[in-house]
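Peer 1: Predicted model follows, preceded by the sequence.
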Amino acid sequence: MANALELELKHLIIDTLELEDVTPDDIDRDEPLFVEGLGLDSIDALELGLALQKTYGIKLEADSEESRRHFNNLKSLAALVEARRVT
Amino acid sequence: MTNAALLSAPWRHAPLDRPIGWHCAAYAHDAAIPWSVFHGRVGAWQALLDSLAPAGQRWLLHLREPIEFAAALIACWERGDSVVLPADDRPETLAGVDHLTQERLGDITGGHRAGPSAETPRWGTLDADALALSLYTSGSSGEPQRLDKRFAQLDAELGVQAQLWPLEGRLVISQVSHQHIYGLLFAILRPLCEQAPMATALCRYPETLSDWLGRLEETRRSQDSATPYIPPGAVLISAPPPLERLPQELDWEAAPLVLARIHSSGAALSRIASEHALKVLGVPVSEVYGSSETGGIAWRVQQQDECWTPLPGIEIRDDRHGALWLRSPFLSSPDWQRQADRIALEGSRFCLLGRADHILKVGGKRLSLTGMDRTLGTYPGVIQARTVSLPERDTRLGAIVQLDPERIPLDHDSRRELIASLRRHLSSAYESTVVPRYWRFVDIWPTNAQGKLSNALVRQLFRDLEDHRLPRWLGVSFEGDERCQVSLEVPERLLYLQGHFDEQPVVPGVVLVQWSVELAREHLPLSGTFQRLERVKFPQLLLPGERVTLVLALSPLDRSMNERGVRLSFTLQGRQGVHATGKIVFTTQETHDDE
């Protein structure tokens, strides 16, 4: 059962990055978001970082080891939002 | 031999009883329109122009009927006027030309037309250096540009064509618009100068072509000494779109007997299409390579030689980037001019290697779109591909990919899989940030009337990105004026998918009806107000990512019902079967006030 936050984040990714061939069902919570898996790239990472800041008030160091870890997959992203959200 | 030079105005001395026009849908006795009638039309147009303004004007001219167009054009020239030919008759196009011209002439809003009675024409002088006409580029590489042509330029080009491919009295049948340079030269000015008859209408559909060729052959066979002049054959002025789509199943028996030559221009004809046209019509295609700016540059018959032979008088060279340079008597400047196409010289001939690199900055990186097109072209099943930058999004590219029909993805999963595979194919040579994000898969290469993938078509292919109420438009093909087939996909982010069923997003039926109406208004001559739905059914659910074909057809209403208007039939079909079908009635205002 997909949890509500993960579904919300799937929509956030699709809408922010304007992915036209991806539905929420296509995003696996354990699959890498970047390179393999969903195939996102460095421009997407920047845009996603901005969207997280705007939506949840989470600030991330651009291109840090920490950010990369949070952006690993949907599960880690949800954990980040759960822990750090201010809104 | 007839003196065919434009500057000697051969139409003045044409044998008056010979035909300049030929009603292809009729039989011999009433098919011909003699030169005497044409002279009367030139006179009638001059009478109209005289009533509007003194000589020395520029006129906007748009007229579909070839003979009447030719009469108006000659009337202007012989009066000492010039014309501007708009590329099409859309209100915005015409408005963009108005500021250059005195008045509009022809079959357009506000266009003046000559009266029906014949008048005696006045002949003037054609000055080699005077402006004859202006026309517009097709807009495949940016916005349409206006080009001025002097009489000497047209004269030089027509002379070369007449020398290579003399008409010798054959009937000229055209499938291309004479508002553009190719149709103007081949379908209007050459018959006028070489005194060969032209068909009285554009031949828009293959059914019409099959019928016309059959009739001409029958007329020729039943010819006896008492019959008036009958053209000894025909020449077809065509382009890649109609040649690619020639249906084999029509009756083409007369084609090889009647057709002496087929011309194609506007874009290179694919090898497959060239073989197809030869197989169906029995005549090889003589292609002409050129552009509105340059006029004709070279020609080829693919079955004889894949390379292009420069037209007589044209000089060709390349540079270290492989770009084509040319010097041409058809150009206003005698200097060498660089072209956007890359070539490989083979002696005096050359092969075309595609557009010179189109370099673009994507996300701050310089990228050759042409190079990416070539890489995409090597993927199995890809016939051709064009990478494009998209308006509104400068960081991401789109790609238009023509595939073998059996490889076209039909649902969300197959489309996603194909995109992933194409991305992997590109990833060996390109960074992921420049790999196209938006993909449009087509089975027929989308082209405008000139055979080009124009900027307007690119916008149409990606318009669902900007408006989430629209289906993804992937091309339209026509069968007659009142029937068309539109290829569509359901965007995964379509606005209407939410809130219908909880678990399974589907496109609501009312949206399918709305799409049918909007696309019919866009592609068919549909007018009137929505009246009612008839026998509407939605047998299969339509899911996001599915690809469907929408067939739209107009038919008149039964007059006995005391209604005026049309009935639109629509059928939306996909791999699973029919998703929507029905009819929609539109009525136009009743005007019974005077009865």
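Peer 2: Right, received. Where do you want to start? Numbers count the residues shown, from 1 in each chain, chains lettered A, B, ... in the order given.
Peer 1: Excluding chain neighbours, what is closest to the one residue in chain B that gets nearest to chain A?
Peer 2: With Cβ to the nearest Cβ, the shortest gap between chain B and chain A falls at residue B:432, namely 4.2 Å. To be clear about C-beta, it is placed using only N, CA and C from the backbone, and glycine gets the same treatment. Of all residues not flanking residue B:432 in the chain, residue A:41 sits nearest, at 4.2 Å (Cβ to Cβ, 6 or more residues apart in numbering or on different chains).
Peer 1: so what's the one you found up against?
Peer 2: Residue A:41 sits next to A:34, A:35, B:431, B:432, B:433 when contact means Cβ atoms under 8 Å, 6 or more residues apart in numbering or on different chains.
Peer 1: mind listing the helices for chain A?
Peer 2: For chain A, the helices defined by DSSP state H occupy A:4-17, A:42-56, A:65-70, A:74-84.
Peer 1: Let me see the mean pLDDT of the first one.
Peer 2: The average pLDDT within helix A:4-17 is 91.
Peer 1: same check, this time on the shortest one
Peer 2: Per-residue pLDDT values over helix A:65-70 give a mean of 78.
Peer 1: interface residues of the stretch 301-450 of chain B facing chain A?
Peer 2: B:363, B:393, B:395-396, B:412, B:415-416, B:419-420, B:423, B:431-433, B:437-439 (Cβ under 8 Å from any Cβ of the partner chain).
Peer 1: In helices, which of these fall?
Peer 2: Short answer: these in helices (DSSP H) are B:412, B:415, B:416, B:419, B:420, B:423.
Peer 1: contacts for stretch B:243-261?
Peer 2: Contacts for stretch B:243-261 (Cβ under 8 Å, 6+ apart): B:165, B:170, B:206-207, B:210, B:213-214, B:216-218, B:220, B:233-236, B:262, B:264, B:269-270, B:273-274, B:276-277, B:279-283, B:285-286, B:444, B:477.
Peer 1: For burial, what's the neighbour tally of residue 74?
Peer 2: All of this is about chain A. 25 (other Cβ atoms under 10 Å in any protein chain shown).
Peer 1: Hmm, no, I was thinking of chain B.
Peer 2: Using other Cβ under 10 Å, residue B:74 is surrounded by 24 other residues.
Peer 1: Please confirm that it is located within a helix.
Peer 2: Yes - Residue B:74 sits within a helix when classified using DSSP: H, G, I helix; E, B strand; the rest coil.
Peer 1: Please identify the nearest residue in space to residue 48, excluding sequence neighbours.
Peer 2: By default, I'm working from chain A. Using Cβ to Cβ, 6+ apart, the nearest residue to residue A:48 is residue A:16, at 6.2 Å.
Peer 1: if you could check chain B rather than the one you did, that'd help
Peer 2: Once flanking residues are discounted, residue B:48 sits nearest to residue B:114: 4.6 Å by Cβ to Cβ, 6+ apart.
Peer 1: Return the residues of chain A in contact with chain B.
Peer 2: Checking chain A against chain B by Cβ under 8 Å from any Cβ, the hits are A:14-15, A:18-23, A:26, A:35, A:39, A:41-43.
Peer 1: Could I get these in CSV, plus columns for distance to residue B:33?
Peer 2: Listed next are those as CSV, based on distance: Cβ to Cβ, whole Å:
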residue, distance to residue B:33
A:14, 62
A:15, 62
A:18, 57
A:19, 60
A:20, 54
A:21, 56
A:22, 61
A:23, 61
A:26, 64
A:35, 69
A:39, 63
A:41, 65
A:42, 68
A:43, 63
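Peer 1: how close does the residue nearest to residue A:45 when sequence neighbours are not counted sit to residue B:348?
Peer 2: Nearest non-adjacent residue to residue A:45, counting by Cβ to Cβ, 6+ apart: residue A:71, 6.2 Å away. In this structure, residue A:71 and residue B:348 are 60 Å apart, going by Cβ to Cβ, to the nearest Å.
Peer 1: Tell me which of the two has more neighbours.
Peer 2: The neighbour count for residue A:71 versus residue B:348, taken as other Cβ under 10 Å, is higher for residue A:71 (21 against 9).
Peer 1: Okay, now stretch B:466-474: how far is its last residue from its first?
Peer 2: End-to-end distance for stretch B:466-474: 15 Å, by Cα to Cα, to the nearest Å.
Peer 1: Give me the mean pLDDT for that stretch.
Peer 2: What stretch B:466-474 shows for mean pLDDT is 94.
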